[in-house]
Structure formats: structure tokens, C-alpha cells
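J.: Please work out how this folds:
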Amino acid sequence: MPDAARNEPTSAALEPNKASAMNIQFRSVVGLVVLFGVVGLLASNRDSFQSPAARAQEFTPNYRTDGNTAGEDRLPQLKREGTKLVSVIGRFVSEGDTATFVTKEGMELGGLPNLSLERVVTTLKSVDDPQNVWWSINGTVTEFTGKNYVLISRAVFKAASPPPPPQAISAAK
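T.: Reported below is the predicted structural model:
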């Protein structure tokens, strides 16, 4: 029998197997806890992973970005950042050393300081009725805190009064 006793594993020989099994189970549990923690963290911070356009709409809920939103005619329409304006007709409303451009459609674009805006403001100060001076501008639209601005690249003095509507011209013929 002594030979049979030698072939049986002793309790000391089983200890390393139990330890490695417990170690594997512990690592699995820790791995799952970490995985669920990361998933939970991502789910709670999903707003930080939104696109800039989605985040911008959160900060400007009172403004529409399309022209066809029913029931919101009183809200201003915003142009996208980087939109190029070419030969847009409107007038400037002077505000000290700066001015706001108002299109024929009534959209307001704050003037960003540059040499073109300085020339416009100087011209407005030299005319009798600056509210009735019409301009054609080219520029680039920017957006900040729910308001559009324009960096003017070209401003052309058009007339001291708005052009007549096409119906008035055809009726005069």
C-alpha cells in the first residue's frame, strides 16, 4: 500500500490548482466590474460625445436653423458658420464705432471689426439719413452665442433708398 499512497495527490499538491482557479475567477469578476463601469461612464457622459452641431442646438434652443419651421416666424433664422455671402443687399444700422448689417429679409448680422466695416461706418456718419442707405456686401458668416456675425470682404454703396419693386417698374411702362 505504500505505493498506492504515493500515487494519490496530497492536499498540498491541490493547493496551487485551487489558487489558480480562484485567481482566474477573481480576474474575471474584476474585468466585468471594470467593463460595466466603463459602459456606465460612457452612457452617463454621452452628451460629451455628441457632434458640435448637436451641442450647439442645446445652447440655442430659441433659434431655428431652417426657414420652414412652422409656428416660429418670430424667431430669427441663423446662417451656418462659414457661409459665404455674395452680393447680399441690405442696410447697416450704426452702433457707435460698429454696425449691424440687416438684409432685405430682415436677418441681422453683427459686423466684425475690419477695414471694410470701418469704411462703412465712416460713410454712414457722413450721410444725412444712414438708415436709408443700401449696400451690397460680400463676406463670411460666423456664429457666436446664438447670433450671426459677418466678416465683410467687400461693401458697395448702392443707393440712398431701396430699389423699387419689379411690379412698380412694369406698371410704369
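J.: What ranges in the chain fall below the confidence cut-off?
T.: Confidence mapping of the chain against pLDDT under 70 gives the ranges 1-19, 35, 37-76, 160-173.
J.: Would you mind giving the domain segments of it?
T.: 2-44, 84-162 (automatic domain parsing).
J.: roughly how far apart are Gln77 and Ala21?
T.: According to C-beta to C-beta, to the nearest Å, Gln77 stands 67 Å off from Ala21. For every residue, glycine as well, the C-beta is placed using N, CA and C.
J.: More neighbours: which of the two?
T.: Using other C-beta atoms under 10 Å as the criterion, Gln77 and Ala21 rank with Gln77 on top: 17 against 10.
J.: I'd assumed Val141 was in contact with Tyr149.
T.: Yes - counting by C-beta atoms under 8 Å, Tyr149 sits close enough to Val141 to count as a contact (7.2 Å).
J.: so what sits against both of these two?
T.: Leu109 (C-beta atoms under 8 Å, 6 or more residues apart in numbering).
J.: Out of the domains of the chain, indicate the one that is most buried.
T.: Highest mean neighbour count among the domains of the chain (mean count of other C-beta atoms under 10 Å): domain 84-162, with a mean of 16.
J.: you'd agree Gln131 is in a strand?
T.: No - under DSSP: H, G, I helix; E, B strand; the rest coil, Gln131 falls outside any strand and is assigned helix.
J.: ok, and the closest non-adjacent residue to it?
T.: Nearest non-adjacent residue to Gln131, counting by C-beta to C-beta, 6 or more residues apart in numbering: Arg91, 6.7 Å away.
J.: Pairing partners for the strand or helix carrying that neighbour, with directions?
T.: Per DSSP states H and E: Arg91 is located in strand 84-95. Strands that pair with strand 84-95, judged by DSSP bridges, come out as strand 98-103 (antiparallel), strand 134-144 (antiparallel).
J.: In a helix, Gly31, correct?
T.: Yes - Gly31: assigned to a helix according to three-state DSSP.
J.: how far away is it from Ala21?
T.: 16 Å.
J.: quick one, which of the strands paired with strand 84-95 is nearest to Leu124?
T.: Closest of the strands paired with strand 84-95 to Leu124 is strand 98-103, at 6.6 Å (criterion: C-beta to C-beta).
J.: so Leu112 makes contact with Ser153?
T.: No - counting by C-beta under 8 Å, Leu112 sits too far from Ser153 to count as a contact (10.8 Å).
J.: correct me, but Asn138 touches Ser87?
T.: Yes - Asn138 lies in contact with Ser87 (C-beta under 8 Å); the separation is 6.7 Å.
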